[in-house]
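**Student:** Sequence first, predicted model second:
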Amino acid sequence: MSERIDVQVRPGRDGDLTALTDIYNHYIRETSITFDVVPFTAEQRRPWLLSHPEDGPHRLMVAQFPGPSGRILGYATSSPFRPKAAYATSVETTIYLAPDAGGRGIGTRLYEALFAALADEGVHRAYAGVTLPNAASLRLHERFDFRPIGVYEEVGHKFGAYHDVAWFEKRLG
């Protein structure tokens, strides 16, 4: 593990869009962690950004070096779990870090802020899908009391290989 660093965690905003898109595009181009296969422009990602307001159950939390011009190091989101109304009290969570930001406690800080923001939002369950293998993500989700609930075997095909996705659940309410 690398040395822990001081970061500021705050709600995402419009000015973050390019940096957030760059972080996500790294995972599209270089990993099977996301099953998107074509990188996005910032404008293509704008609807995603706008779907995570500063209040409500669907949040975007951003970690950056302290100060107004600090580099963005990662983000965490809570998004709709499924589109049907009966799923409204469930969210799907995710974290993406800048490629050089792992192992420094940033994911932990992001999830702490995200779950604190969700505490009064009527969210009953959080779910997370983790493409395997991904030891760092598994450790993070275990640390936050997510429990394994199943594996979709060979559900995604990227970079010429099939990939499993492990699913986790966290009780919130």
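**Tutor:** Sure thing, it's come through. Numbering: from 1, shown residues only.

**Student:** Distance from stretch 41-52 to the middle of the chain?
**Tutor:** 15 Å (CA atoms, centre = their mean, to the nearest Å).

**Student:** now it: mean pLDDT?
**Tutor:** Average pLDDT, stretch 41-52: 96.

**Student:** Wait, residue 154 touches residue 164, no?
**Tutor:** Yes. Taking contacts as CB atoms under 8 Å, residue 154 lies within contact range of residue 164: 6.3 Å. C-beta coordinates here come from the backbone N, C-alpha and C atoms, glycine included.

**Student:** what about the two, which has more around it?
**Tutor:** For residue 154 versus residue 164, neighbours defined as other CB atoms under 10 Å are more numerous around residue 164 (14 against 11).

**Student:** check contacts around that one.
**Tutor:** With contact taken as CB atoms under 8 Å, 6 or more residues apart in numbering, residue 164 is in contact with 131, 132, 151, 152, 153, 154, 155.

**Student:** Can you tell me the element it falls in?
**Tutor:** strand 161-171 (DSSP states H and E).

**Student:** just residue 75 next, same as before
**Tutor:** strand 72-80.

**Student:** just residue 100 next, same as before
**Tutor:** Judged by DSSP H and E, residue 100 forms part of no helix or strand.

**Student:** Show me the strands paired with the strand holding residue 164, marking each as parallel or antiparallel.
**Tutor:** Here strand 161-171 has these sheet partners by DSSP bridges: strand 125-131 (antiparallel), strand 147-158 (antiparallel).

**Student:** Distance from the last one to the middle of the chain?
**Tutor:** The chain centroid and the centroid of strand 147-158 are separated by 17 Å, computed with CA atoms, centre = their mean.
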